[in-house]
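Participant: sequence and predicted structure, then a few things I'm wondering about:
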Amino acid sequence: MRRPNAVQTLALGFALLILAGACLLSLPIASRNGEGIPWINAVFTSASASCVTGLTVYDTATQFSAFGQVVLLLLIQIGGLGFVTASLPAALLVRRRVGLRQRALLQDSLGALQLGGVVRLARRALLVTFACEGLGAALLTLWFCPRYGLGRGLWMAVFHAVSAFCNAGFDLLGAGTSIVTEAGEPFLNLVLMALIICGGLGFLVWDDALTHGRRFRRWRLHSRMSLAVTLSLFAGGAVAFWFLEADHAFAGADGPTRALMAAFQSVTARTAGFASVDQGTLSQGGVLLMLVLMFVGAGSGSTGGGVKVNTFAVLVLGVRSRIRRQDDMNVFHRRLDEGDIRNAYSAASLYLFGALCGCMVLCVQGAGLTDALYETFSAMSTVGLSRNLTASLPALSKWAVILMMFAGRVGSMSVVLAMTKGKRAQNSLRYVPEKILIG
């Protein structure tokens, strides 16, 4: 029997994680009312947590018991880090040598550019994760403990810190409205935004930041592009939301609150899943902007989803190079690799094809086009935002969303590669090229 490759192992690992989480969440002890939830809802919730998405059919605070919430937190943490990276501390604790196969799995899980140094990168990823979550939890206790008491406040601080850094979007505030009721709370919003951005940058960016500090020119090209595009999308999105939603989702808010809501909306669109405004109140322009930002997503090798910021950057650079009639794509005085360019176009094409297929299923099942597109892009990019559609989805639509969340977390390209056979050795024979019309 042929041994699965690294991509197949990662896909299988996430599938098993979802299955294990569904079994635990379906137990009566996982619900506050002592009754087990239907299997499809357990799978949906487990997939949403494991794939750090945030789409929910239940309100997390009122439906799940302390046991259920702990299960969700573990699924979010393992799903955000990747089960291979999450298992590294155990291997290091027993002083087990990390073999070549495990290093290959770590490379795919973290999005490392090369096999060498991948264990060091994994250690730094764990360090950054627990440092950011720990600091975030400590800050959030200052907000939650005065309102919910010491014990409950500590738990809510830890849960929201992990959920925000992993870009999961699960919350324990109740009422099923995320943080809409706390949209005017600057401290809570700013801490969550900082955690979301830190988790969405990617571990390679953090590795460069820890290694080279402010010497930006010594950073990898990947990290420089990721940081530049992330800041541009955040600033551009916030300004656009400020104007687009002035008379819609942000109507009635004063200047500072409106600025905070615009910034938060720009950040959360990048796969975070928390919502400070009702997504159903967004203008048509705001919905379109959200679809674009959700499509882009977070950084490669991060806890977020989407086609990734560098993939989007390659698409934009490709258009620019063709307009200028340039053969190469150049950025930061470097020429992009041809293989990376092909991978970017393939990943974007597969993402859009999967999203359109999923949207068609939701529309056939009775969802409106706008709501279906929003739900589909949210699932494929593991964003977790919804226009109040998730809880009312029929069974077939739920399975479609589950598959899209899975593809979004593992990667559309990885899912396709996991289902195909490995490349066989080829001879030097190549077909005669012939031109076709494009455009």
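Facilitator: Perfect, I can see it now.

Participant: drop to CA atoms for contacts and neighbour counts, all remaining ones
Facilitator: Noted.

Participant: can you give me the strands in this protein?
Facilitator: 330-331, 334-335 (DSSP state E).

Participant: possible to save those strands as a markdown table with distance to residue 282 and mean neighbour count?
Facilitator: Output for these, formatted as a markdown table (distance: least, Cα to Cα, whole Å; neighbours: other Cα atoms under 10 Å):
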| stretch | distance to residue 282 | mean neighbour count |
| --- | --- | --- |
| strand 330-331 | 35 | 15 |
| strand 334-335 | 40 | 10 |
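
Participant: mean pLDDT for these - can I get that in JSON lines?
Facilitator: Formatted as JSON lines, the strands of the chain follow (pLDDT from 0 to 100):
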{"stretch": "strand 330-331", "mean pLDDT": "86"}
{"stretch": "strand 334-335", "mean pLDDT": "88"}
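
Participant: could you dump those into JSON lines and include distance to residue 117?
Facilitator: As requested, the strands of the chain are exported to JSON lines (distance: least, Cα to Cα, whole Å):
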{"stretch": "strand 330-331", "distance to residue 117": "26"}
{"stretch": "strand 334-335", "distance to residue 117": "23"}
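
Participant: shaky segments in the stretch 1-150 of the chain?
Facilitator: Scanning the stretch 1-150 of the chain for pLDDT under 70 picks out 1-6, 83-111, 115-116.

Participant: can we see that at 90?
Facilitator: Scanning the stretch 1-150 of the chain for pLDDT under 90 picks out 1-14, 52, 54, 78-127.

Participant: coming back round to it: so which of the strands of the chain gets nearest residue 401?
Facilitator: The closest of those to residue 401 is strand 330-331. By Cα to Cα, the value is 36.4 Å.

Participant: give me the residues contacting the closest one.
Facilitator: 317, 336 (Cα atoms under 8 Å, 6 or more residues apart in numbering).

Participant: ok, now which ones touch residue 257?
Facilitator: 183, 184.

Participant: pLDDT value on it, please?
Facilitator: On pLDDT, residue 257 comes in at 93.

Participant: nearest to residue 114, of the strands of the chain?
Facilitator: strand 334-335 (18.4 Å).

Participant: pairing partners for that closest one, with directions?
Facilitator: When pairs are called by DSSP bridges, strand 334-335 turns out to pair with strand 330-331 (antiparallel).

Participant: how far out from the middle of the chain is the strand it pairs with?
Facilitator: Remark: strand 330-331 is offset 27 Å from the chain centroid, using Cα atoms, centre = their mean, to the nearest Å.

Participant: what about residue 62, how many neighbours?
Facilitator: Applying other Cα atoms under 10 Å, we find 15 residues neighbouring residue 62.

Participant: the closest residue to it other than its chain neighbours: what's it in contact with?
Facilitator: Distance criterion Cα to Cα, 6 or more residues apart in numbering; nearest residue to residue 62, sequence neighbours excluded, is residue 174 at 6.4 Å. The neighbours of residue 174, taking Cα under 8 Å, 6+ apart as the test, are 59, 60, 61, 62.
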